[in-house]
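K.L.:
From the sequence below, what's the structure:
(chains A and B, ligands or ions: 2)
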Amino acid sequence: MASLTMVEALNLALHQAMEADDRVVLLGEDVAQTGGVFRVTAGLLDRFGESRIVDTPLAEAGIVGSAIGMSLYGLLPIVEIQFDVFVYPGFEQIVTHAARYAWRSKGESPASIVIRIPYGGGVRAPELHSDSPEALFAHVPGLKVVCPTTPSDARDMLLAAIEDPDPVVFMEPKRIYRAGREEVSEELPFEIGNGHGAPAELLSTARVAREGTDLAIITYGATVPLSVQAADELASDRGIQTKVLDLRSLYPFDIEAICSAASECGRVLVVHEAPRHAGLGAEVSSLIHERVMLDLHAPVMRVTGFDVPFPQFANEDDYLPSVARIKQGANKVLDW
Amino acid sequence: MAMEIIRIIGNGSEVPDAPVPEGLGGKDLLELYRWLILLRTFDERAVALQRQGRIGTYAIYWGEEGTQAGALYACEETDWVFPSYRQNSIGILRGVNPATIYAWWRGYGGKLGFYNPRDHRTGPICVPIATHLPHAVGVAWAAKQRGDSVASLAWFGDGATSEGDFHEALNFASVWKAPTVFFCVNNQWAISTPYHKQTASQTIAEKASGYNMPGVRVDGFDPVACWKATRDALDRARAGEGPTLIEAYCYRIAPHGTADDPRLYRDESVTERWRPLEPVNRMTGFLQRLGILDEDKEAAIRAEAKELIAASVKEMESYTQPGQEVLFDGVYASGRPWTFDEGLEELRSVERAAEVRPVGPVPASSEQGGDV
Ligand SMILES: Cc1ncc(C[n+]2csc(CCOP(=O)(O)OP(=O)(O)O)c2C)c(N)n1
Ligand SMILES: [Mg+2]
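P.N.:
Residues are numbered from 1 along each chain as shown, chains lettered A, B, ... in the order given. Ligands and ions are numbered 1, 2, ... in the order given. Prediction:
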């Protein structure tokens, strides 16, 4: 056991995966010599050498595309995208190829790559360093999209993503990269490289971040801790017991966890940082209304980012869902 | 592939100065010098402001002023220029208020932090690498289609030459014979990635040959040489002969940005060997040798720049944080969709968070990280 931040937990997972399986390679901009701009890959160069951890030329289409080729040949590449927005030049490769190699080969030759994307706002960065593009990927059939919010989940889910045969877009909420520490077991959560893959639940289930029966807040990423705080305040303000469901898997959704939380509580608020229109909140809400509408006492509502370009940082707190906005949304659902 | 490097300014001893290029009179040289000093003053002040937590992380260009001022001085007022984040303050030489640029780094949007590209024929500060190059080509093509004698110029780094957009832009410009100058500041580093990991080409300039356009190399620490190479390329462009790729060979003396610590990835004693070549001192010596700059004149130019920048900082700091409506302002030219009204209403119905202050100094060797 060690007390780790999310960055350190991700770093541990990378060390463990590369140690356990020599097919694992890592490529990206500034990942080797400096250990990445967020230091997630620190120490890997010294340990595994430049044939396995590669500072690439500055070209995201080239990075993702060559990772796909490496995977075809049998390696297990991990790609680091430096910041959310910079994945866009690589979008074509992800959509037209990473997502389709399995389909074109009846599942036999998937693009077994992991695309790690530090994403989201709240870090006082200049323009175009704060996007939340997860819905773009969740909309592409053939991709798995996941997002851990605790250090242990980050470690276990990254190991699972590497082991998983399908392409995984691995969203890392950079605002909480160092927000807190957690005891993380150094023991592997499953046996790596034995041909059985990772336990399915690591990339397909939600996590209950807080128990409650009056209201369910369904969320993921950096808004999970904010939702927990809002839930605590709702308990002291008005005696409401709020369940907070951390989705973890953004595609596929944990439909059972979503529906049972909705049925149990009868009231649901969805929270995310990405813009609202065609965001994942819409999908969560639709699924609930389609499946368990009669269990609801109020419509599912949303607290999200706005349908605007992510603002310059002095105004980013106006954009980001805050505890106050989450509580207001919760009160609307409760008082509907 | 050996290629000559264009250089005008010598070193004041064994390397002699070349003659001042035609078209650059004494008044021009002094004005170019004034621009260099202004850019230098802006940049040094920005770094200080970041250290004091008065603006956010900042992309330093110390040492690259010659590639900016020299190239811009070769342009006509009517030409369009497209900067990357590294040329973030180039607009101030085109009438943009320096306070606006400081405000951009302070995290202010709306009218406070953005300028209108059409007002200054200066593209916005471009953050995603190489993505502005096709814009420069489009402007040049449009001007040509309209029969205007307008050219365009885009600055970008050595790292940018790896992106697809760079190659697409060069190809389009060459096929269309667009009057565009591609000005690559080869400072030999892309954050921590050195030139030899970026490209196997011996020079950036030789990449031009694949697109059948001229590629020239120039001393990036020599503002007069940068002027000369750019002026020649613009003359060609205006004569209908199409684009040119210029490689301004230099060295990134400063860290990548205020969040970067180069000691993590390079030998800073090498950096110190490049430092004496920096353009401001070179230009000062050159103008003194030509007898058009004396100490009084230099002091006056520096004082003027200092005053202007100090006033800009003061102005920037007099701005109050934009209101919540700035999120929704101008997103569409045609008006607001209904979602914006609802968004603003939601925002106004809860207590507003305190103003976001910039994060203070963040060396890369710390745990924080960040690319600028
Ligand atoms: C598409 C894209 N990918 C990654 C980045 C992150 N990034 C910012 S600056 C930089 C290095 C750029 O190097 P170079 O083109 O040589 O320009 P310089 O910084 O040296 O001026 C990188 C990788 C980015 N801004 N855009
Ligand atoms: Mg560079």
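
K.L.:
Setting the sequence-adjacent residues aside, check what's closest to the closest residue to ligand 1 within chain B.
P.N.:
For chain B, the residue closest to ligand 1 is B:G157, as judged by CB to the nearest ligand atom, at 2.1 Å. To be clear about C-beta, it is placed using only N, CA and C from the backbone, and glycine gets the same treatment. Excluding the flanking residues, the one nearest B:G157 by CB to CB, 6 or more residues apart in numbering or on different chains is B:V185, at 5.6 Å.

K.L.:
Chain A: strands as residue ranges?
P.N.:
Shown for chain A, the strands assigned by DSSP state E span residues A:2-4, A:24-28, A:53-55, A:76-80, A:114-119, A:144-146, A:168-173, A:182-184, A:207-210, A:215-219, A:242-246, A:249-251, A:268-275, A:301-305.

K.L.:
what about the helices in the chain?
P.N.:
This is for chain A. A:6-20, A:44-48, A:60-72, A:91-93, A:101-104, A:134-138, A:151-163, A:223-238, A:255-265, A:280-292, A:316-319, A:323-335 (DSSP state H).

K.L.:
if you could check chain B rather than the one you did, that'd help
P.N.:
Going by DSSP H, chain B shows helices at B:26-51, B:65-74, B:98-105, B:110-113, B:117-120, B:133-145, B:164-176, B:195-198, B:223-238, B:268-274, B:279-289, B:295-318, B:338-348.

K.L.:
ok, and which of those has the densest surroundings?
P.N.:
Of all the helices of chain B, helix B:65-74 has the most neighbours on average by mean count of other CB atoms under 10 Å in any protein chain shown, namely a mean of 28.

K.L.:
can you tell me if it touches ligand 1.
P.N.:
No - Helix B:65-74 is not in contact with ligand 1 by CB under 6 Å from any ligand atom; minimum separation 9.8 Å.

K.L.:
could you dump that helix to PDB, C-alpha only?
P.N.:
Extracted in PDB, the C-alpha atoms of helix B:65-74 (Å, rounded to 0.1, in the frame of the first residue of the first chain):
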ATOM      1  CA  GLU B  65      12.400  39.100 -31.400                       C
ATOM      2  CA  GLY B  66      14.400  39.400 -34.600                       C
ATOM      3  CA  THR B  67      12.400  36.700 -36.300                       C
ATOM      4  CA  GLN B  68       9.300  38.600 -35.500                       C
ATOM      5  CA  ALA B  69      10.200  42.200 -36.000                       C
ATOM      6  CA  GLY B  70      12.500  41.600 -39.000                       C
ATOM      7  CA  ALA B  71       9.800  39.600 -40.800                       C
ATOM      8  CA  LEU B  72       7.000  41.900 -40.000                       C
ATOM      9  CA  TYR B  73       9.000  45.000 -41.000                       C
ATOM     10  CA  ALA B  74       9.400  43.400 -44.500                       C
END
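
K.L.:
Run through the neighbouring helices and strands of it.
P.N.:
For helix B:65-74, the packing partners by 3 or more CB pairs under 8 Å, 6 or more residues apart in numbering or on different chains; DSSP states H and E come out as helix B:26-51, strand B:152-157, strand B:180-186, helix B:223-238, strand B:244-249, helix B:279-289.

K.L.:
Which pLDDT value goes with B:Y102?
P.N.:
Note for B:Y102: predicted pLDDT of 98.

K.L.:
Please name the spatially closest residue to it (chain neighbours excluded).
P.N.:
With sequence-adjacent residues excluded and distances taken as CB to CB, 6+ apart, B:Y102 is closest to B:M316, at 4.1 Å.

K.L.:
who touches the one you found in this structure?
P.N.:
B:99, B:102-103, B:106 (CB atoms under 8 Å, 6 or more residues apart in numbering or on different chains).

K.L.:
Let me know the pLDDT of whatever residue of the stretch 1-150 of chain A ends up closest to ligand 1.
P.N.:
Nearest residue of the stretch 1-150 of chain A to ligand 1, counting by CB to the nearest ligand atom: A:F86, 3.6 Å away. In this model, A:F86 is scored at 98, pLDDT.

K.L.:
And A:I217, by the same measure?
P.N.:
99.

K.L.:
can you pull the contacts of it?
P.N.:
Under the criterion of CB under 8 Å, 6+ apart, the neighbours of A:I217 are A:227, A:230-231, A:242-245, A:268-271, A:326, A:330.

K.L.:
Closest to ligand 2 out of the residues you listed?
P.N.:
Set against ligand 2, the nearest of the contacts of A:I217 by CB to the ion is A:V271 (40.0 Å).

K.L.:
Could you check how many residues crowd around the closest one?
P.N.:
A:V271 has 25 neighbouring residues, counting by other CB atoms under 10 Å in any protein chain shown.

K.L.:
any idea how far the nearest residue to it once chain neighbours are set aside is from B:Q50?
P.N.:
Leaving aside its chain neighbours, A:V271 sits nearest to A:T219 (4.1 Å; criterion: CB to CB, 6+ apart). Per CB to CB, to the nearest Å, A:T219 is found 34 Å from B:Q50.

K.L.:
One more: B:V20?
P.N.:
Plainly put, B:V20 is 37 Å away from B:Q50 if you go by CB to CB.

K.L.:
Check B:R336 too.
P.N.:
Remark: distance between B:R336 and B:Q50 (CB to CB) = 35 Å.

K.L.:
swap in B:F156?
P.N.:
B:F156 sits 23 Å away from B:Q50, going by CB to CB.
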